[in-house]
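Chemist: 3D, please:
(2 chains)
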Amino acid sequence: MNSITKKRTEMRDAFAEILVELGLKYEKMLFLDADLHTSTKASEFKKRFPDRFIQNGIAEQNMFGVAAGLAFEGFIPVPSTFAVFASRRALDQIAISICYPNLNVKIPGSYVGIPTSRAGASHNSIEDIAIMRSMPNMKVADPCSSNDLKAIMRKAMETNGPVYWRISRYELPEIFEDEHSFEWGKGVVISEGSDVTLFGTGIMTDFNIRAAKLLAEENIMAEVIHLASIKPIDREMIIQSVLKTGCAVTAENASINGGFGDAVLEVLAEEHAVPAYKIGVRDKFIESGGIEELFSIHKMQPTDIGNAAKQVIKKKFENI
Amino acid sequence: MKKLSTEKLQELEDKAYEIRRLAMEMIISSSWGHIGGAFSMADILAALYFHEMKLDPEDPLMENRDRFILSKAHASPAMYAALALRGFYPEERIYEYCEPGGLEGHTHILSAPGIEASGGPLGMGLSVAVGMALGLRQKENPRSRVYCMMGDGECNEGNVWEAAMAAAHHHLDNLIAIVDYNKVMAKGMLWQMMSIEPFSDKWEAFGWNVHEVDGHDMEALVEVLHKARWIAANGKPNVIIAHTVKGKGIERAEFNYKWHTHAPAPEMGDEMLREMAHNYGKPETGYSRLKHGLNKQSFYGGE
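Modeler: From the prediction side, this is the model:
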């Protein structure tokens, strides 16, 4: 990859842009909202395509059922809400009305993990990766930047079947070109290393890049791998990397229970078990607070990742 | 509307009997299924599949067809039977009920042609129907109708009323919900478990046209379906509250929650089929696979 660093952007702005781009390309695309379109920044789509914007009120269970019905009629519905409501409130509808018949419904989940607002546990989604990846037919992705998000959404529209992806509310440096493309089950090696692999998804890839810089100061060479495609996951890249480094840290902007870290560790447990540690929210509800403060409380900062890396490296040598 | 001839009415009655007979064959052969809810809606299905709905078994996804969603998807044997009788697949397929790769226990779109959605968790079908009705609107198809068959007990679910609100909000007069109001739930009487009354007032308050009918009176059913499609297409969705008897047609299962889920053993099933045939004045052929024996785990129950 080209490791250019551009200006910092917020994914929601990219979401607004790409929705319009896709709306122009796919006339069967319909946007479904549940009273949040200005928060998710879908208002531009509404302005451009008023006839293809369906307001559902505060009724997510109904919205996802309606999405299923529209998909049966040949449309490509994009039911949009906060990730907590998609994953928890409307789970049964997504599982049985959408995933079971493998319908062409594209689900963006916004307000994910730590960086949302000061709303607290009710609105900060930390279980959505685990919940969404548990359902057959569902594909799951978590982008690390605006260009990554756009590439995922372009791919989602080309993909047949249900797709869920996350949209973070956090300013991030752009690490991909405008032409960046995304493939299901394909990871990206951000930087090569030999001592430890830092597997990341979503915004945590940026944290891993910063952790790797801290580790380099101590002459520890970390390999940084970005796995936007959580399901399917790049088994080959995961295995090849740990064959070289012999230990791993995973980082996700979510709960570690059943989420991205477990998706990586499942591969390692089946193919090549190595010392590993999962960075993420450790079986706790998120509380209200400042964003950086919360990342520190939950030990998810680059320094925490660096410390975890040193621990797994130590275990690797103890095992020898 | 033009009255149906006596012959046509008799034909629909016969279809309703055949739906029940085949549903019973499925439930006995798979040793699993819901007699109560399948039998209470059998007459309504006959009226829909053999009179009211525009369908083509040769072209199951024909654009201008009517859509039917079984929200009470556990009553699947009756629907699978209706589809087989209507020619969507060979009748023999009914014996694949609840077998791997066959007809799923709860209606599933990938099981067979003619199934329009997947279901099972109660209270969700009406939302899917709202989506289809909106989709037809979006495609400027004014002729097709979306029918959604619901159970009375599932109207305890909040999702039903979210969907009811949405249907009225979007003025979906191409949507016709039918509630199989058989008054009995899985473990007791509806009024004891969680009452839904005043039921028609609820729908009316949500902005729907409400029609009530005896769900076992074929002539009345045909009339109310005609009315809901054409006469009451006034910008409001339509609901037909069909008063029915749970387990209608099998005396010991009628109005009896103990027969909500359970399947009879082949010998008892045979007896029940003969009783039903006797009551309907049909040949008492009994259970067609009585001699096949049964070597699978059974889920017999009931009385």
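Chemist: remind me which residues of the stretch 51-200 of chain A are low pLDDT?
Modeler: For the stretch 51-200 of chain A, no stretch has pLDDT under 70.
Chemist: residues from the stretch 51-200 of chain A in reach of chain B?
Modeler: Taking C-beta under 8 Å from any C-beta of the partner chain as the contact definition, the stretch 51-200 of chain A meets chain B at A:51, A:54, A:56-57, A:59, A:61-75, A:77, A:92-93, A:96-97, A:100-102. Yep, even glycine has a C-beta here, placed from its N, CA and C like the rest.
Chemist: Quick one: buried ones out of the residues you listed?
Modeler: Buried members of those, scored by 16 or more other C-beta atoms under 10 Å in any protein chain shown, are A:54, A:56, A:59, A:61-73, A:75, A:77, A:92-93, A:96-97, A:100-102.
Chemist: residue ranges of the helices in the chain, please?
Modeler: In the absence of a named chain, this looks at chain A. Applying DSSP state H to chain A gives helices spanning A:11-25, A:37-40, A:43-48, A:60-72, A:83-84, A:91-92, A:128-133, A:146-158, A:204-217, A:235-245, A:260-271, A:291-297, A:302-319.
Chemist: um, chain B though
Modeler: B:6-30, B:35-40, B:42-47, B:76-85, B:125-138, B:158-169, B:190-193, B:199-205, B:218-226, B:266-280.
Chemist: To A:V140, which of those lies closest?
Modeler: For A:V140, the closest of the helices of chain B is helix B:125-138, at 23.0 Å, according to C-beta to C-beta.
Chemist: so what secondary structure elements neighbour that closest one?
Modeler: In terms of contacts (3 or more C-beta pairs under 8 Å, 6 or more residues apart in numbering or on different chains; DSSP states H and E), helix B:125-138 is packed against helix A:60-72, strand B:67-70, strand B:146-151, helix B:158-169, strand B:175-181.
Chemist: most tightly surrounded among the ones you listed?
Modeler: Ranked by mean neighbour count, the helices and strands packed on helix B:125-138 are led by helix A:60-72 with a mean of 30 (mean count of other C-beta atoms under 10 Å in any protein chain shown).
Chemist: What number of residues are in the vicinity of A:E179?
Modeler: Residues near A:E179, counting by other C-beta atoms under 10 Å in any protein chain shown, number 8.
Chemist: same check, this time on the one 5 residues further on
Modeler: Other residues lying near A:W184 total 18 when counted by other C-beta under 10 Å.
Chemist: contacting residues for it?
Modeler: A:K139, A:K155, A:T159, A:S229, A:P232 (C-beta atoms under 8 Å, 6 or more residues apart in numbering or on different chains).
Chemist: wait, which of the helices and strands packed on helix B:125-138 is closest to A:Q240?
Modeler: helix A:60-72 (37.2 Å).
Chemist: ok now do A:V112, which residues does it touch?
Modeler: Listed by C-beta under 8 Å, 6+ apart, the contact partners of A:V112 are A:A83, A:N124, A:S125, A:D128, A:D142, A:R166, A:I167, A:S168, A:R169, A:G202, A:N253, A:A254.
Chemist: Now with 7 Å, please.
Modeler: By C-beta atoms under 7 Å, 6 or more residues apart in numbering or on different chains, the residues touching A:V112 are A:A83, A:S125, A:D128, A:R166, A:I167, A:S168, A:N253.
Chemist: Can you list which of those are found in strands?
Modeler: The members of the contacts of A:V112 that map onto strands under DSSP state E are A:R166, A:I167, A:N253.
Chemist: Put together CSV for the residues you listed, with neighbour count on each row.
Modeler: Output for these, formatted as CSV (neighbours: other C-beta atoms under 10 Å in any protein chain shown):
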residue, neighbour count
A:R166, 30
A:I167, 26
A:N253, 32
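Chemist: What is the nearest of these to B:W32?
Modeler: A:R166 (39.9 Å).
Chemist: thinking the closest one is in contact with A:I107, fair?
Modeler: No: the pair A:R166 / A:I107 is not scored as a contact, 10.0 Å apart, by C-beta atoms under 7 Å.
Chemist: Can you list the neighbours in contact with stretch A:55-69?
Modeler: A:32-35, A:77, A:79, A:81, A:85-86, A:89-90, A:93-94, A:97-98, A:103, A:105, B:117, B:124, B:127-132, B:134-135, B:159, B:162-163, B:166.
Chemist: For residue 194, list the residues it contacts.
Modeler: Chain wasn't specified; assuming chain A. Contacts for A:S194 (C-beta under 7 Å, 6+ apart) come out as A:M221, A:K244, A:T245.
Chemist: Oops, wrong one, chain B.
Modeler: B:M194 makes contacts with B:N156, as judged by C-beta under 7 Å, 6+ apart.
Chemist: The closest residue in space to B:R289 that isn't next to it in sequence: neighbour count?
Modeler: Leaving out its chain neighbours, the residue that sits closest to B:R289 by C-beta to C-beta, 6 or more residues apart in numbering or on different chains is B:S29, at 5.7 Å. For B:S29, the neighbour count with other C-beta under 10 Å is 24.
Chemist: what residues are up against residue 171?
Modeler: Looking at chain A here, since you left the chain open. Neighbouring residues of A:E171 by C-beta under 7 Å, 6+ apart: A:R8, A:T9, A:E10.
Chemist: wait, chain B
Modeler: By C-beta under 7 Å, 6+ apart, the residues touching B:H171 are B:G235, B:K236.
Chemist: Relative to B:G120, how far out is it?
Modeler: 30 Å (C-beta to C-beta, to the nearest Å).
Chemist: swap in B:M149?
Modeler: If you go by C-beta to C-beta, the gap between B:M149 and B:G120 works out to 14 Å.
Chemist: low-scoring stretches of chain B, by residue?
Modeler: Low-confidence segments of chain B, defined by pLDDT under 70: B:293-303.
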